[in-house]
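S.K.: Provide a 3D model corresponding to the input given below.
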Amino acid sequence: MVAELGCRLGQIEQMIRYAYWNSGCLGIVIGVSGGVDSAVAAAFCCRAIGPEKVLGLSLPSAISNPEDCKDAATLCAQLGIEHKIVSIEPMLEGFKSIPDYSPSHFLSGNLMARIRMAVIYYHANRDNRLVCGTSNRSEYMLGYCTKFGDNAADVQPIVHMYKDEVYEAARELDIPDPIMKKAPSAGLWEGQSDESEIGLSYAEIDLSLRALELNKWKAITSTEEKVLALVKKSEHKRLPAPNLLAVLEKCRDTVPGN
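M.R.: Model prediction:
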């Protein structure tokens, strides 16, 4: 089991290394939230290309838990990577001037996710770096992410890993205990937690997704039915935007004389 995990971790590092070498970039930038997903992804980046080439950004808002930034700072110090804290609150304030601005949890949460990714890509553009994503498979399959927000990235090292596999990797990578033990949260509003928002525990989600895949996506239990409904509803987040480019190119290629 340990050897199998080590092999899988090595494959992830090789994938990051290949993407880095192939891009011609000078480093990687990653948003470090103080949570386990970004901690594991950051650790993989360090192992793949060296900590001196990795930048960790913490992007709190006014409602962010201060402990998250402290945990992120501890992680970055342990990994040996540069760490910067950039408040997104001034940028959020700017959006409030939009006509008919609505401060709902849903709209504000998506806005924060996209602002954070815009700041991360700004640093990537400025410093010629790749952006490392932090989405895991459980969230990706359920669509628990924001388009062009936290699901945007140039490389996704843990998107194939269920949440329980992320924790398994975290233990192997010596991620600090406070990060391992905290309730997963996107930090989109005060008191928000992933499991309460989804309405299922990650244990239930992982178990259901595995069962659905084995059973050719046919639900047997009520929990599996709920998970399957979320998977179907969020399919658009996993597919390219609908377009006719491929159809037009096919038509062009079949025109006589071309």
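
S.K.: which stretch of helix or strand covers Pro60?
M.R.: Under DSSP states H and E, no helix or strand contains Pro60.

S.K.: doesn't Lys84 make contact with it?
M.R.: No: with contacts counted by Cβ atoms under 8 Å, Pro60 stays clear of Lys84, the gap being 11.6 Å. Quick note: C-beta positions are derived from backbone N, CA and C, even for glycine.

S.K.: quick one, which of the two is more surrounded?
M.R.: Shown here are Pro60 and Lys84; by other Cβ atoms under 10 Å, Pro60 has more neighbours (21 against 14).

S.K.: residues contacting the more buried one?
M.R.: Pro66, Asp68, Cys69, Ile85, Ser87, Ile88, Glu89, Gly187 (Cβ atoms under 8 Å, 6 or more residues apart in numbering).

S.K.: at 7 Å what do you get?
M.R.: Cys69, Ile85, Ser87 (Cβ atoms under 7 Å, 6 or more residues apart in numbering).

S.K.: most neighbours out of these, which is it?
M.R.: Most crowded among the contacts of Pro60, counting by other Cβ under 10 Å, is Cys69 at 19 neighbours.

S.K.: shouldn't that one be in contact with Ser58?
M.R.: Yes: using Cβ atoms under 7 Å, Cys69 is in contact with Ser58, at 5.0 Å.

S.K.: could you list the low-pLDDT ranges of the stretch 1-150 of the chain?
M.R.: Scanning the stretch 1-150 of the chain with the threshold set as pLDDT under 70 gives 1-7.

S.K.: that one: strands as residue ranges?
M.R.: Under the criterion DSSP state E, counting those that start in this stretch, the stretch 1-150 of the chain contains strands at 27-31, 54-58, 82-85, 129-132.

S.K.: for stretch 157-174, give the mean pLDDT please.
M.R.: For stretch 157-174, mean pLDDT rounds to 96.

S.K.: spatially nearest residue to Cys145 (excluding sequence neighbours)?
M.R.: Asn151 (4.0 Å; Cβ to Cβ, 6 or more residues apart in numbering).

S.K.: three-state assignment of the one you found?
M.R.: What DSSP: H, G, I helix; E, B strand; the rest coil gives for Asn151 is coil.

S.K.: and the pLDDT at it?
M.R.: pLDDT at Asn151 comes out at 92.
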